[in-house]
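**Student:** Need a 3D model of the following:
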Amino acid sequence: MRLAILSDIHANIQALTKVLERCEAEQVDEVVCLGDVVGYGGNPNECCDLLREHCSIVLMGNHDAATVGVMDADYYYESARRVLFWTRQELTDENFRWLYSLPYTNQRPELDVGFYHSAPIQPSGFFYVVRNEEAEALTRMKTGLFSHNFIGHSHLTTMYEYSGRKVRDVTGHYQFHAGRRYLVNVGSVGQPRDRNPDACFVLFDTETKLLQHVRVPYDVPTASARIREVGHDEKFARRLTLGV
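**Tutor:** As a prediction, the model looks like this:
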């Protein structure tokens, strides 16, 4: 089975549209979204509608949780918090209820894969995994990790390999080894922060274990203009151009 795994759309309809077009061209069997459908960007309803149509699984990210009131918005700095409140007012009732209903995680034991927005340990805590120390903390999980575990949240593309309790950063040089486990940051569709402004997602073949981060150019100027049009902080528009 070929999976397309998306995360951190952040209401960027221009990026999401191009990524879904690429998924169709790749003839994937399923599209999975790891959350943060909204926040930062200017088209929350359009992104909700597209994901509801195309995804087999959509998870709740921290911006989704704060928008619908599941998470305290005081966690966010002022300009991000203003976007959350704006999004809350913009969402249709149907999309608000849909976001509210999303789960934190999804496990597919038959495929030996797990999907999470953030660190698999205490998913509602939305902890980051961007360093080896944070990856090592996951070895304490009572239920353990699947062969492949996919997360978003950081907007980065780091990858870690687990052999027993040893953890190794394999970012950029992944190669599957039977008996080992992998934690994969899938990058961000709508707000990349790895100094590459192109939208990012992961293609994964559950049979061959082939895995790749895919970059997709999109209309950044239009996405940035929309952020300015609705009155969000300028830095959210500028970040799209810089990929930071």
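**Student:** Assumed Glu21 was part of a helix.
**Tutor:** Yes: Glu21 sits within a helix when classified using DSSP: H, G, I helix; E, B strand; the rest coil.
**Student:** That one and Ala4, how far apart?
**Tutor:** 11 Å (C-beta to C-beta, to the nearest Å). All C-beta atoms are positioned from the backbone trio N, CA, C, and that covers glycine.
**Student:** The two: who's more crowded?
**Tutor:** Ala4 (24 against 12; other C-beta atoms under 10 Å).
**Student:** who does the more buried one bridge with?
**Tutor:** Val31, Leu203 (DSSP bridges).
**Student:** got the contact list for it?
**Tutor:** 23, 26, 28, 30-32, 201-203 (C-beta atoms under 8 Å, 6 or more residues apart in numbering).
**Student:** Spatially, which two of the residues you listed are the most separated?
**Tutor:** Glu26 and Val32 (13.7 Å; C-beta to C-beta).
**Student:** Which one's more surrounded, these two?
**Tutor:** In this view Glu26 and Val32 are compared by other C-beta under 10 Å, and Val32 has more residues nearby, 24 against 11.
**Student:** Quick check: Gly42 vs Gly190, distance?
**Tutor:** From Gly42 to Gly190 the distance is 10 Å (C-beta to C-beta).
**Student:** Correction: the previous question concerned Val129.
**Tutor:** Val129 is 20 Å from Gly190, by C-beta to C-beta.
**Student:** So for these two, which sits in the more crowded spot?
**Tutor:** Of the pair Val129 and Gly190, Gly190 is the one with more neighbours under other C-beta under 10 Å, namely 30 against 25.
**Student:** Could you confirm the more buried one falls within a helix?
**Tutor:** No: Gly190: not assigned to a helix; according to three-state DSSP it is coil.
**Student:** Phi and psi next, for it.
**Tutor:** phi -100, psi -10 (degrees, to the nearest 10).
**Student:** Likewise for His173?
**Tutor:** Torsion angles at His173 (phi, psi; degrees, to the nearest 10) stand at phi -140, psi 50.
**Student:** What score does it have for pLDDT?
**Tutor:** Looking at His173, its pLDDT reads 93.
**Student:** Could you do Asn196 as well?
**Tutor:** 97.
**Student:** Same check on Thr143?
**Tutor:** At Thr143, pLDDT is 65.
**Student:** do Val130 as well
**Tutor:** In this model, Val130 is scored at 82, pLDDT.
**Student:** which other residues reach stretch 94-113?
**Tutor:** So stretch 94-113 is contacted by 1, 3, 32, 35, 37-38, 44-45, 48-49, 52, 57-60, 64, 67-70, 88, 91, 114-117, 120, 123-124, 146-150, 204, 206 (C-beta under 8 Å, 6+ apart).
**Student:** from the residues you listed, which ones fall inside helices?
**Tutor:** 44-45, 48-49, 52, 64, 67-68, 88 (DSSP state H).
**Student:** Pick out the residue nearest the middle of this protein.
**Tutor:** Ser7 (1.9 Å; C-alpha atoms, centre = their mean).
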